[in-house]
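Student: Provided below for reference: sequence and predicted model.
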Amino acid sequence: MKNIKHIAISLILFVTANQCFAKGDTLKPVERYVGRLHMSIDPRMELLATVQLLSNYPVIDRKMAYSKEILRYFKSFSKQKAVKMTDFLVQKHGFGYDAPVTFMLHLSQLPELKQDFAFSDYLSGRSGGSENLENYRKHLKQFAKKSNFKTFFNSKIAFYNQILDMTIDEMIDTNLVEKLENYFNENQNSYNVIISPAFKGGYGGSPIEPNKKQNIYASISNTHVKDNIPYVNENTLVVYVWHEFGHSFVNPLTEKHADRVSASEKLFEPIEGRMRKQAYTSWETCVNEHIIRAIVVRLHELHVNSYEADDLLNEELNSRFVYIEPIIEKLKDFEKQRDENNITFSEFYPQLLDLFDSLNKAEYWKEVNIFKGTINDAFNEDKIACIYPTQDTDIVILKKVQDYVREIFDKFENKGVFGKESVFLADTTALKTDLSKYGLMAYGTIESNAFLNHYASTFPFKIENETIYADEEYTNPDIKFITCLPNPQNQQRGMVIYTAISNKTIFSGDIMNVRQGMQDYILFFNRANVKSEGFYNKNEKWEFYK
């Protein structure tokens, strides 16, 4: 979208900037309208973020300047019941991510913070019952009163306005909602983006009013900071708007056709582990995510450009949304029927269920559920096998490598990154073990690691004659090479290889200290000196682009 000529957004932007207080001393959001898109900084979300920051809540940004200011300002209120109950609800009932955000949307603005909508079964289930939700509401209201939260919020009005201004300045396309509605050939009552700088990630969630068009919400964190002002860039905003708002069109249809959806549940089995790691714990949820992600790809193809659409598609495939490509093809049928016969997405939805039925009968996952990269994606398995070398004649160096690998394995295992059944294996043991259900991490030179040596002929690279033959030839003995490939025992899972010309180089750094792992391979000396990185050509076999 950045390639579109920037036009004067003030000509097409209707702006409102509310004062902090109105009649009845109600604390109002700071807000703007961009076309039909309502954007705001909402005091309810800032109150929630405040108690989450003061608690041990894990999914919150405590490092940014705004968060540190909150922690200083409200430090003396860290023992309040709202803070303690935040910890209780998370630890006891898993009340995190979208659930507390959706809960806040069921409440009125401060200071009343009364319940405006009935709590859904979903919210009650996530919190341990409606009584817990009511208690949490009371404690939040009490916290806001005792801490004089409105004074803090009021003091940040100028800051909140800057967040919205910078986000809007990023936008070129002001018709995101209209394009979404035109795609579905349906509409909702309103579309609302709430930016909360201390949040991590973004969540959809809206109070449901039966038999009414809905007021749809997406609560998101900032993506960038400039001059100490956080804001959301356009590309992220586009994805969030289309993805999160798309749930309001898709999810009710999946619920309505629950029996038909469950008929294809066998499709969930081969991807269940990866889906659960992404918090998609049921086939119904997985169906929603597949359909919405496919729609977002189509919207990018139609309204952004094919390159970004292809990038999104590859990201989804790497995340194991393995049924997305046939869904995309089926959506093209919908687009044709919509344009020719004016059908709505709701009317078309059963045809998508027909597709899932056919994929189920054909056992489609056997054709597509293979590992396709990247380095990070190789770790997204239920179980990890870490394989260390034993074959180097230099016993001192070999021991250092083994200790280094053990340290890395223990660190990630202790942090809960690896599954409970993850294993730490010698290369010779790994050769005798069925590792088809594991993601693999293999350390050492090709000669010193018997497991790597056994499969070396299948790799797209070679290391011999003191040279790494990869996208180029590398002879410097200090260069390190990290790459991902399919697990040689099971192409559906990944393997990461940490290697070099000599084992002396192995324990002096790894990918976690260099890049984020969003590539297939990287050759580097240290964090500041990366020689090469990129992706493999995977058309028929994994190989370097020529």
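Tutor: Now that the structure is in, tell me what you want to look at.
Student: Tell me the buried residues in the lowest-mean-pLDDT helix or strand in the chain?
Tutor: Least confident helix or strand of the chain, by mean pLDDT, DSSP states H and E, is helix 365-368 with a mean of 73. By 16 or more other C-beta atoms under 10 Å, the buried positions in helix 365-368 come out as 365, 368. For every residue, glycine as well, the C-beta is placed using N, CA and C.
Student: Check which helices and strands the next helix or strand after that helix sits against.
Tutor: Later in the chain than helix 365-368, the nearest helix or strand by DSSP states H and E is strand 384-388. Counting by 3 or more C-beta pairs under 8 Å, 6 or more residues apart in numbering; DSSP states H and E, the packing neighbours recorded for strand 384-388 are helix 395-414, strand 423-426, helix 427-431, strand 439-443.
Student: of these, which approaches residue 312 most closely?
Tutor: strand 439-443 (23.8 Å; C-beta to C-beta).
Student: contact partners of the helix or strand just after the closest one?
Tutor: Later in the chain than strand 439-443, the nearest helix or strand by DSSP H and E is helix 450-455. Identification of contacts with helix 450-455 by C-beta atoms under 8 Å, 6 or more residues apart in numbering yields 387, 389-391, 427-428, 430-431, 442, 444-447, 488, 497, 499.
Student: and those residues, which are buried?
Tutor: 387, 389-391, 427, 430, 442, 444-447, 488, 497, 499.
Student: next one: the least confident helix or strand of the chain to chain centre, how far?
Tutor: 24 Å (C-alpha atoms, centre = their mean, to the nearest Å).
Student: Could you export that helix as CSV, CA atoms only?
Tutor: Output in CSV follows, covering the C-alpha atoms of helix 365-368 (Å, rounded to 0.1, in the frame of the first residue of the first chain):
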residue,chain,number,x,y,z
TRP,A,365,-3.1,-33.5,4.6
LYS,A,366,-0.9,-36.3,3.3
GLU,A,367,-0.2,-34.3,0.2
VAL,A,368,0.6,-30.9,1.8
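Student: Quick one: residues in contact with it.
Tutor: With C-beta under 8 Å, 6+ apart as the contact definition, helix 365-368 has outside contacts at 267, 270-271, 322-323, 325, 359.
Student: And the furthest pair within those residues?
Tutor: Farthest apart among the contacts of helix 365-368 by C-beta to C-beta are 270 and 325. That separation is 15.6 Å.
Student: want to throw the contacts of helix 365-368 into JSON lines with neighbour count?
Tutor: Output for the contacts of helix 365-368, formatted as JSON lines (neighbours: other C-beta atoms under 10 Å):
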{"residue": "267", "neighbour count": "21"}
{"residue": "270", "neighbour count": "17"}
{"residue": "271", "neighbour count": "21"}
{"residue": "322", "neighbour count": "23"}
{"residue": "323", "neighbour count": "25"}
{"residue": "325", "neighbour count": "16"}
{"residue": "359", "neighbour count": "20"}
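Student: Can you tell me which of those residues is nearest residue 139?
Tutor: The closest of the contacts of helix 365-368 to residue 139 turns out to be residue 271 (C-beta to C-beta; 39.6 Å).
Student: which residues touch the residue nearest to that closest one when sequence neighbours are not counted?
Tutor: Setting aside the residues directly before and after it, residue 271 is nearest to residue 320 in space (C-beta to C-beta, 6 or more residues apart in numbering), at 4.9 Å. Residues near residue 320 by C-beta under 8 Å, 6+ apart: 271, 274-275, 369, 380.
Student: Pull the most distant pair out of the residues you listed.
Tutor: Pairwise distances across the contacts of residue 320 (C-beta to C-beta) peak at 13.4 Å, for the pair 369 and 380.
Student: Model confidence at the residue lying closest to residue 114 once chain neighbours are set aside, what's the number?
Tutor: Among residues not flanking residue 114 along the chain, residue 108 sits closest, at 4.9 Å (C-beta to C-beta, 6+ apart). Note on residue 108: pLDDT of 96.
Student: how far away is residue 108 from residue 139?
Tutor: Here the criterion is C-beta to C-beta, to the nearest Å. By it, residue 108 lies 16 Å from residue 139.
Student: out of those two, which sits in the more crowded spot?
Tutor: Shown here are residue 108 and residue 139; by other C-beta atoms under 10 Å, residue 139 has more neighbours (18 against 13).
Student: that older thread, Throw the contacts of residue 320 into a markdown table and include pLDDT, thanks.
Tutor: Listed next are these as a markdown table, based on pLDDT from 0 to 100:
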| residue | pLDDT |
| --- | --- |
| 271 | 85 |
| 274 | 78 |
| 275 | 86 |
| 369 | 66 |
| 380 | 74 |
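Student: Going by distance to residue 145, which of those residues wins?
Tutor: The closest of the contacts of residue 320 to residue 145 turns out to be residue 275 (C-beta to C-beta; 42.1 Å).
Student: Let's verify that closest one: helix, strand, or coil?
Tutor: With DSSP: H, G, I helix; E, B strand; the rest coil as the basis, residue 275 sits in helix.
Student: show me the contacts for it.
Tutor: 268, 281, 285-286, 320.
Student: now that we have the residues you listed, which one has the most neighbours?
Tutor: Those, ranked by neighbours (other C-beta under 10 Å): first place residue 320, 26 neighbours.
Student: measure it to residue 267 for me?
Tutor: Distance of residue 320 to residue 267, given as C-beta to C-beta: 12 Å.
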